[in-house]
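1. Show me how the following folds:
(chains A and B)
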Amino acid sequence: MTTAADRFWRQTEAVLSELPMDVRLDRDDFYSQSNWDVFRMRYTSADGYRLFAWLSVPHGDGPFPALVRMPDYASVHDIVYTSLRERVVVMNPTHRGQRNSDEAFQAEYPGLLTEGIDDPETYVMRRVFADALRSFDALLDQNKALIGDIALTGAGLGGALAVAVAARRSTVHAVAANTPMALGNPDSLQPGLGYPLAELGDYLRLYPERRDAVKQNTADLDPLELASRITAPVLLSLGINDTASCPLAFGEKLAEIIPECDLRVYQGASEGGGHEHAQVQLAWLSDKLGLS
Amino acid sequence: MATEQDLKTFSTQVTCPNDFDEFWSGTLDQLARASLKPVISPDPLRSNDDVQVSNVTYLSFGGLEISAWYSLPTRGEGPFPAIINFPGYKSEPPVRRDWGKNGVAVLSVAVRGKLRSSGEFNPGYPGLLTSGLEHRDLYGYRGVISDCVRGVDFLTSRPEIDPERIYACGSSQGGGLTLITSALRPEIKGGVAGYPFLCCYPEAMSMFRSYPYDELSCYARAYPDQIDQMLETLRYFDAVNFAPRINCPMVVGIALDDEVCPPETSYAAYQALTGHKELWLFPNSGHGNAHDYPGQERAWLEQQIGLTAVVS
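-> Now for the predicted structure:
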């Protein structure tokens, strides 16, 4: 890891550690079901920003294994619907700017990826990564469910957030990351990419003189900077046609750096395996969380 | 995974209300009486050598302002063929620059409730599917569907668009809206509906416990005395009831392992089509992720548009 990236992550964690978490949970009677309760969860992240998460808790005493599904690059993060929710605590945390976490700042799509990118102090994606760390800590801090082993999942941006949190939290038990977004890596700036990475190209087409600033202010978020620190096993899926989130060459470099990586590359795919990989991932997570 | 036999033996309990056409002609009459008031604002950040991208706004049902991404080819004089792209349930409408090089305009509609069209109507996700269920006049999808119809009106109002070559596409909710809007607007000359949502609500809400349909199950559990009214409202918004009113060529794409929009319910919409139609079945695929679907969709639209003539 570069000195600058290490400094960024240390500063981020220092900022978070000084803030009270103030976790609040409200049961959602409308969406709770016969075998699990659904909670609307709120907690405080960097800058005092209040964040929202959906939390699903199985009925029973626990402890339960837990699954955190990091948010995709999208305005909405789903209410929990995985088939694991009957036996697993599932948290779907949002980051700032997404729906339910948008009182102070509303993200635009496209647009979020370059919001404030001229300055490291204003670049919102650096705070988005802080929000992901905070969500993991908030899960451990809540008092509605006893938590056992915790796995992280995510696709695209969510995959990159899962990688980052696993690198900074050694208590993560397993990670299933699909096509982690290459934000911060030079591969994200190559021409001809699709959205969301194309947002960076759009920005540089309009402001070519800001290329160095873009490279510098995103570099700390490069998954390649963090991957070697991960101690948990990682299931990584890539699609050979991915031009929007995780270009194949970048993904293969990431796989080489992750100490314990189960790499699955899907032919003909742009999104990392889709339905076929969803079944692989479900079996893999069930095994890692002791549900098999 | 569903089999083809499962699709063929499935039977829906959905029936068409006697005043279905009256309800929708009344809604369209209300729309027609209000000015569209379109505003086109070019967006240099999203434009490139092939495409000028603009943010478009227009007025829709109830006077709500609706946004859309409008991608116009930078080369050629037009009038251009156009595709209207309808969004999924929770996703924001994409900026579609991929057709500009081929001389095709695209309007990508942010129906009410989407970020850029949420000023006066914002039930959220989950939330939209149950918003206003207490009466057909109040149901949120009356406005959502109107927003799609008005998108077609925007295209036909534009001198740079060829009104004889307007096509529609979308997946999931976008697939359902493709079917519904094509029934309401004969200006649409053909469409591709992928993994269509908004079909056979009574069965769809009970076949899986996945969202968005599960919103209806939650509503039924919370308000058991309202179930009959809920189902009565939904009859006016079921793509199965719109399908026989479509006169243009239509494709329905179905993934046989779709656990969001049950394949049987999408197939019922296909069966209800009475015009020229094609069925694409994708075994071993789930909701929205059949690998071959995007290529097939593009090839079908290219053929319908007569793209070779445009490029030359």
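2. Now do the nearest residue in space to A:Arg24 that is not next to it in sequence, the pLDDT please.
-> Nearest in space to A:Arg24, with sequence neighbours left out and distances taken as C-beta to C-beta, 6 or more residues apart in numbering or on different chains, is A:Arg42 at 4.7 Å. Every C-beta, even on glycine, is put in place using the N, C-alpha and C of the backbone. A:Arg42 is assigned 98 on the pLDDT scale.
3. what do you get for B:Val251?
-> 98.
4. do the one 3 residues further on as well
-> At B:Ile254, the predicted lDDT confidence score is 98.
5. Same question for A:Leu238.
-> 96.
6. Shouldn't it be within a helix?
-> No. Per DSSP: H, G, I helix; E, B strand; the rest coil, A:Leu238 lies outside any helix segment and is strand.
7. The spatially closest residue to it that is not a sequence neighbour: which element?
-> The shortest distance from A:Leu238 to any non-neighbouring residue, by C-beta to C-beta, 6+ apart, is to A:Gly251 (4.0 Å). In this assignment (DSSP states H and E), A:Gly251 forms part of helix A:248-257.
8. for the chain, which helix is longest?
-> I'll assume chain A. Ordering each helix of chain A by length in residues (DSSP state H) puts helix A:124-141 first.
9. could you do chain B instead?
-> Identified as the longest helix of chain B according to DSSP H is helix B:140-156.
10. Report all helices and strands that the helix holding A:Gly251 contacts.
-> helix A:223-226, strand A:234-239, strand A:261-266 (3 or more C-beta pairs under 8 Å, 6 or more residues apart in numbering or on different chains; DSSP states H and E).
11. make it 10 Å
-> helix A:157-168, strand A:172-178, helix A:223-226, strand A:234-239, strand A:261-266 (3 or more C-beta pairs under 10 Å, 6 or more residues apart in numbering or on different chains; DSSP states H and E).
12. Reformat these as TSV; add distance to A:Pro20 and mean neighbour count.
-> Compiled in TSV, the helices and strands packed on helix A:248-257 are given as follows (distance: least, C-beta to C-beta, whole Å; neighbours: other C-beta atoms under 10 Å in any protein chain shown):
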stretch	distance to A:Pro20	mean neighbour count
helix A:157-168	20	27
strand A:172-178	23	26
helix A:223-226	27	24
strand A:234-239	32	26
strand A:261-266	36	17
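13. shaky segments in chain A?
-> For chain A, the stretches with pLDDT under 70 are A:269-270.
14. can you map out the strands along it?
-> A:24-27, A:36-44, A:50-58, A:64-69, A:89-93, A:147-155, A:172-178, A:234-239, A:261-266 (DSSP state E).
15. Get me the contact residues on the stretch 201-312 of chain B for chain A.
-> B:208-212, B:214-215, B:217-219, B:221-223, B:255, B:257-260, B:282, B:284-292, B:294-295 (C-beta under 10 Å from any C-beta of the partner chain).
16. Isn't B:Phe242 up against B:Ile180?
-> Yes. Between B:Phe242 and B:Ile180 there is a contact under C-beta atoms under 10 Å: 4.7 Å.
17. Now do the shared contacts for the two.
-> B:24, B:145, B:198, B:269 (C-beta atoms under 10 Å, 6 or more residues apart in numbering or on different chains).
18. Return the closest of those with respect to chain A.
-> Using C-beta to the nearest C-beta, B:Leu198 comes nearest to chain A of these, at 18.0 Å.
19. check which helix or strand covers the closest residue in space to that closest one that isn't next to it in sequence.
-> For B:Leu198, ignoring the flanking residues on the chain, the nearest one in space by C-beta to C-beta, 6+ apart is B:Gly176 at 3.1 Å. For B:Gly176, the host element (DSSP H and E) is helix B:173-184.
20. and the angle for the very next helix or strand once past that helix with helix B:140-156?
-> Of the helices and strands lying after helix B:173-184 in sequence (DSSP H and E), the nearest is strand B:188-194. Calculated by axes from the mean of the first three to the mean of the last three C-alpha atoms, to 10 degrees, strand B:188-194 forms an angle of 130 degrees with helix B:140-156.
21. Alpha carbons only: can I get the very next helix or strand once past strand B:188-194 in CSV?
-> The helix or strand immediately downstream of strand B:188-194 is helix B:201-207, counting by DSSP H and E. Below are the C-alpha coordinates for helix B:201-207, written out as CSV (Å, rounded to 0.1, in the frame of the first residue of the first chain):
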residue,chain,number,x,y,z
TYR,B,201,-50.7,-9.9,-10.0
PRO,B,202,-52.8,-12.4,-8.1
GLU,B,203,-50.6,-15.3,-9.0
ALA,B,204,-47.3,-13.4,-9.1
MET,B,205,-47.7,-12.1,-5.5
SER,B,206,-48.0,-15.6,-4.2
MET,B,207,-45.6,-17.7,-6.3
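22. buried set for helix B:201-207?
-> Within helix B:201-207, the residues scored as buried using 16 or more other C-beta atoms under 10 Å in any protein chain shown are B:201-205, B:207.
23. Could you find the lowest-pLDDT member of those?
-> Ranking the buried residues of helix B:201-207 by pLDDT, B:Met207 lands last with 92.
24. Neighbours of the residue lying closest to that one once chain neighbours are set aside, how many?
-> Distances taken as C-beta to C-beta, 6+ apart place B:Pro262 nearest to B:Met207, at 4.5 Å, with adjacent residues excluded. For B:Pro262, the neighbour count with other C-beta atoms under 10 Å in any protein chain shown is 26.
25. what about B:Pro262, distance to chain A?
-> Using C-beta to the nearest C-beta, to the nearest Å, B:Pro262 is found at 15 Å from chain A.
26. Check what pLDDT that residue gets.
-> At B:Pro262, pLDDT is 97.
27. same question, the one 5 residues further on
-> According to the predicted model, the pLDDT of B:Tyr267 comes to 98.
28. Backbone dihedrals for it, both of them.
-> phi -70, psi -30 (degrees, to the nearest 10).
29. Contact partners for it?
-> Taking C-beta under 10 Å, 6+ apart as the test, what B:Tyr267 contacts is B:2, B:4, B:6-8, B:10, B:12, B:196, B:199-200, B:252, B:254, B:256, B:279, B:281.
30. Mark which of those residues are buried, thanks.
-> Here, 16+ other C-beta under 10 Å leaves B:2, B:7, B:10, B:12, B:196, B:199-200, B:252, B:254, B:256, B:279, B:281 buried among those.
31. Among these, which one lies nearest to B:Leu64?
-> Comparing those against B:Leu64 with C-beta to C-beta places B:Pro196 closest, at 24.6 Å.
32. Not counting sequence-adjacent ones, nearest residue to that closest one?
-> Using C-beta to C-beta, 6+ apart, the nearest residue to B:Pro196 is B:Gly175, at 3.4 Å.
33. likewise B:Lys37?
-> B:Leu59 (4.9 Å).
34. what do you get for B:Phe282?
-> Per C-beta to C-beta, 6+ apart, closest to B:Phe282 is B:Ala290, 3.6 Å.
35. okay, the one you found: pLDDT?
-> For B:Ala290, the model assigns a pLDDT of 91.
36. excluding its backbone neighbours, what's nearest B:Thr265?
-> Per C-beta to C-beta, 6+ apart, closest to B:Thr265 is B:Cys200, 3.7 Å.
37. Then A:Thr218?
-> A:Gly184 (4.4 Å).
38. how deep is residue 104 tucked in, by neighbour count?
-> With no chain named, the answer covers chain A. 11.
39. Chain B is the one I meant
-> Neighbour tally, B:Val104, other C-beta under 10 Å: 25.
40. Let me know the distance separating it from B:Phe80.
-> 6 Å (C-beta to C-beta, to the nearest Å).
41. same thing with A:Val165?
-> 46 Å.
42. list the contacts for residue 203?
-> Let's take chain A. A:110-111, A:113-114, A:117-118, A:189, A:210-211, A:214, B:45.
43. oops, chain B please
-> So B:Glu203 contacts B:10-14, B:213, B:262, B:264-265, B:268 (C-beta under 10 Å, 6+ apart).
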